[in-house]
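**Student:** quick one: sequence and predicted model below, then my questions.
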Amino acid sequence: MIRTLIVEDDPVLAEAHVVFTGRVPGFTVVGVTGSGAEALRLLSTRPVDLILLDLYLPDLHGLDLCRSIRAQGHDADVIAVTSARDLRLVRSAVSLGVVQYLLKPFSFAAFRERLDGYAEYRRRIGEPSSAPTATGQQEVDQAFAALRRTFDAPPLPKGLAAATFEAIVAHLGTGAVTSAADLADALGISRPTARRYLDHLSARRLVSREPRYGGAGRPEYVYRWHTPQPTASEPPAPG
């Protein structure tokens, strides 16, 4: 398992990242924090392979955290998960060893593609303790290519916002069984809006829908996150 630390100060987004990470086979979340100081403390108390790092933290900038991480001798890789679009910032991130850069907002498909690419990179280079040797330039190029591959995720339908989509995924990912009315109350959105997102998730077979009977008239539909059974070649997602 690739042990993952999530550093994100927005609780809703942090929960979404936990849910998303839990749906990618081979990854497990070993900690969640919203501050740089707490991230450093967690790194000193448990093994971490990968950090999903928001660059705008309340106590220090994510790049300053990267500098502190390296100064303290931690070798965990970092994927920047941020809304920062300044290319100078991207250049600084690369110079500090940030292996990938994922812009908010994003879909689960884009998130999974980054993690799958990182897992392939680790598979090709091996664990730090094993120190494998490349047979030639092509093998080195293929390892780096796993990190640099791009993915065009299907866009959300017109009128659906990525941030709201992430919040709904996070809510459902906690195991909640919810109706459109329940979801609207939980997230502070209208019922028709909640129903549109739920219908979209249902059409993509990401949630299951079933009727709930409780009174006269038409039944109310409730939704739960759909977790498909893994195939023989795919281990169950952690969490």
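**Tutor:** Noted; the coordinates are in hand. For clarity, every value in this text was computed on a predicted model and none was experimentally measured. Residues are numbered from 1 along each chain as shown.
**Student:** what's the domain layout of this structure?
**Tutor:** According to automatic domain parsing, the chain comprises the domains 2-148, 162-225.
**Student:** for the longest one, give the mean pLDDT please.
**Tutor:** Along domain 2-148, the predicted confidence averages to a pLDDT of 84.
**Student:** and stretch 191-210, by the same measure?
**Tutor:** Average pLDDT, stretch 191-210: 87.
**Student:** and it, how far out from the chain middle?
**Tutor:** Put simply, stretch 191-210 sits 21 Å off its chain's centre (Cα atoms, centre = their mean, to the nearest Å).
**Student:** ok, and what's touching it?
**Tutor:** Applying Cβ atoms under 8 Å, 6 or more residues apart in numbering, the contact partners of stretch 191-210 are 156-157, 159-160, 164-165, 168-169, 172, 180-181, 183-184, 187, 221-226. For glycine as for every other residue, the C-beta is placed from the backbone atoms N, C-alpha and C.
**Student:** if we can go back for a sec, can you add mean neighbour count and give the domains of the chain back as TSV?
**Tutor:** Output for the domains of the chain, formatted as TSV (neighbours: other Cβ atoms under 10 Å):
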stretch	mean neighbour count
domain 2-148	17
domain 162-225	16
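**Student:** strands of this protein, residue ranges please.
**Tutor:** Under the criterion DSSP state E, strands of the chain are mapped to 2-7, 27-33, 50-53, 77-82, 98-103, 178-179, 207-212, 220-225.
**Student:** for the third one, C-alpha coordinates in CSV please.
**Tutor:** Output in CSV follows, covering the C-alpha atoms of strand 50-53 (Å, rounded to 0.1, in the frame of the first residue of the first chain):
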residue,chain,number,x,y,z
LEU,A,50,3.0,10.3,-0.6
ILE,A,51,1.7,13.7,0.5
LEU,A,52,-1.3,15.3,-1.2
LEU,A,53,-0.5,18.9,-0.5
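**Student:** what is it packed up against?
**Tutor:** strand 2-7, helix 62-71, strand 77-82 (3 or more Cβ pairs under 8 Å, 6 or more residues apart in numbering; DSSP states H and E).
**Student:** what lies in contact with that strand?
**Tutor:** 2-8, 17, 21, 27, 39, 62, 65-66, 69, 76-82, 98, 118.
**Student:** adjacent strands (with direction) for that strand?
**Tutor:** In the sheet, strand 50-53 lines up against strand 2-7 (parallel), strand 77-82 (parallel) (DSSP bridges).
**Student:** and the strands of the chain as a markdown table, adding distance to residue 109?
**Tutor:** A markdown table is the format used below for those (distance: least, Cβ to Cβ, whole Å):
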| stretch | distance to residue 109 |
| --- | --- |
| strand 2-7 | 18 |
| strand 27-33 | 15 |
| strand 50-53 | 16 |
| strand 77-82 | 15 |
| strand 98-103 | 12 |
| strand 178-179 | 23 |
| strand 207-212 | 16 |
| strand 220-225 | 16 |
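**Student:** so which of those is nearest residue 122?
**Tutor:** Ranking those by their distance to residue 122 (criterion: Cβ to Cβ) puts strand 2-7 first, at 6.8 Å.
**Student:** now do the closest one and helix 62-71, the angle between them.
**Tutor:** Angle, strand 2-7 to helix 62-71, by axes from the mean of the first three to the mean of the last three Cα atoms, to 10 degrees: 130 degrees.
**Student:** between strand 2-7 and strand 27-33, how many degrees?
**Tutor:** Here strand 2-7 points in a direction 30 degrees away from that of strand 27-33 (the same axes, to 10 degrees).
**Student:** cheers, nothing more for now.
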